[in-house]
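**Q** pasting the structure only:
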């Protein structure tokens, strides 16, 4: 068994000098497959679900190639890595769809805290009770995936003290999301939030992980991991996804893996513990000191990830995607994007130079992967 996987990718557009420019209204009007976010400075595309990592690699790259070609025709524009308005612009909201009342609500309630770029990883699980249990486990382990993906150490031209400024400031909504004991429990809770107005609609559940489906909360068929910053390198993103898939396969095969039965903490204590872990991972990413959900033992994020990697390696290898999991070791060894940017910053590169260098490196990496791996599929 391998699982269906797909991505929602939000990415900023702007100039090669790092200025983020709102172009999504033009992009959405002229290109199929792209969707607008409430602010016009980033744009979203979604990959079709696939069990196959090779297909996913090309599905990640193909829309970006098309978007880059369009941006070149529009002017001297490019794609900008990172998950926050790194060099400036958080003082204003640039509406992509001024007539949209839900966007009114988002701008008025949250301001530019939501003008971030990220990747949402969706993995298919058809049994709703297994899905809800998987969400419980991954909610506890979501800080590890944030630690691997952090790419937002700057905001408005300054280092913020976070590795993921995005998750440090992002308004998780509603403010308290419990661990759901069952599908019925989840349905009841969502209905209650909609009635109380703490959720404006079924999409207005902004937590680290949530069950997703075509008719939420009733028809659910996938786990959506929402905590990750934007990972621009497709190979790194697929490695993070392979870790998530291998862990989910382990959870599916072993019903005893469950925070409600395997932990020394109460459900409410677990929600508090994982919130504290998320905050720690947003600040220190791979070097964050976390508490393990099973017994509260203190553990570095990178050590917990290493434990999980070795625990699920045989599953990934047996299912034929071990080669996509193995690049995770490079992230642990060399650091995530935020850590690499901060290393440059520490030796004298200003923020502007760090971002402009990352813009070039991102495009060069895409070209390299297209030439090496995808040209025969993308012709």
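**A** Perfect, I can see it now. Source: prediction; values computed, not measured. Residues are numbered from 1 along each chain as shown.
**Q** For the nearest residue to residue 5 once chain neighbours are set aside, which residues are in contact?
**A** Leaving aside its chain neighbours, residue 5 sits nearest to residue 123 (5.3 Å; criterion: CB to CB, 6 or more residues apart in numbering). Just so you know, the C-beta spots here come from the backbone N, C-alpha and C atoms, and that holds for glycine as well. Neighbour list for residue 123: 3, 4, 5, 222, 223, 225, 241, 244, 245, 248 [criterion: CB atoms under 8 Å, 6 or more residues apart in numbering].
**Q** shouldn't the fourth one be in contact with residue 127?
**A** No: Residue 222 is not in contact with residue 127 according to CB atoms under 8 Å; the separation is 11.5 Å.
**Q** Same drill for those two, tell me which one is more crowded.
**A** residue 222 (22 against 13; other CB atoms under 10 Å).
**Q** so who does residue 138 touch?
**A** Residues in contact with residue 138 (CB under 8 Å, 6+ apart) are 209, 223, 225, 244, 247, 248, 251.
**Q** Residue 342: which of the residues you listed is nearest?
**A** residue 225 (24.2 Å; CB to CB).
**Q** any idea how far residue 194 is from that closest one?
**A** 23 Å (CB to CB, to the nearest Å).
**Q** More neighbours: which of those two?
**A** The neighbour count for residue 225 versus residue 194, taken as other CB under 10 Å, is higher for residue 225 (25 against 15).
**Q** tell me the contacts of that one?
**A** 120, 121, 122, 123, 138, 142, 145, 208, 209, 244.
**Q** Which of those residues fall within helices?
**A** The helices, defined by DSSP state H, take in 138, 142, 145, 244 from the contacts of residue 225.
**Q** Residue 354 against residue 344, yeah?
**A** Yes: shown here, residue 354 and residue 344 form a contact pair, counting by CB under 8 Å, at 5.1 Å.
**Q** more neighbours, these two?
**A** residue 354 (22 against 15).
**Q** Three-state assignment for that one, please.
**A** Secondary structure assignment for residue 354 (DSSP: H, G, I helix; E, B strand; the rest coil): helix.
**Q** Quick one: residues contacting it.
**A** 154, 341, 344, 345.
**Q** rerun at 6 Å
**A** Residues near residue 354 by CB atoms under 6 Å, 6 or more residues apart in numbering: 341, 344, 345.
**Q** try residue 299
**A** 290, 292.
**Q** coming back round to it: which members of the contacts of residue 123 occur in helices, if any?
**A** Per DSSP H, the contacts of residue 123 map to helices at 241, 244, 245, 248.
**Q** Between all of those, which two are at the greatest distance?
**A** Taking CB to CB, no two of these sit farther apart than 241 and 248, at 10.3 Å.
**Q** what residue ranges in the stretch 251-379 of the chain are flagged as low confidence?
**A** The model of the stretch 251-379 of the chain has pLDDT under 70 over residues 374-379.
**Q** Excluding chain neighbours, what is closest to the spatially most central residue of the chain?
**A** Centroid check for the chain by CA atoms, centre = their mean gives residue 228 as the closest residue, at 2.6 Å. Of all residues not flanking residue 228 in the chain, residue 149 sits nearest, at 3.9 Å (CB to CB, 6+ apart).
**Q** From residue 285, how far off is the one you found?
**A** The gap separating residue 149 from residue 285 is 8 Å, by CB to CB.
**Q** now do residue 79
**A** For residue 79, the distance to residue 285 - CB to CB - is 23 Å.
**Q** which of these two has more neighbours?
**A** residue 285 (30 against 20).
**Q** From residue 279, how far off is that one?
**A** Per CB to CB, residue 285 is found 12 Å from residue 279.
**Q** Kindly report the same for residue 192.
**A** 26 Å.
**Q** More neighbours: these two, which one.
**A** residue 279 (15 against 12).
**Q** For the residue nearest to the more buried one when sequence neighbours are not counted, give me phi and psi.
**A** Of all residues not flanking residue 279 in the chain, residue 168 sits nearest, at 7.4 Å (CB to CB, 6+ apart). Main-chain torsions, residue 168, degrees, to the nearest 10: phi -70, psi -30.
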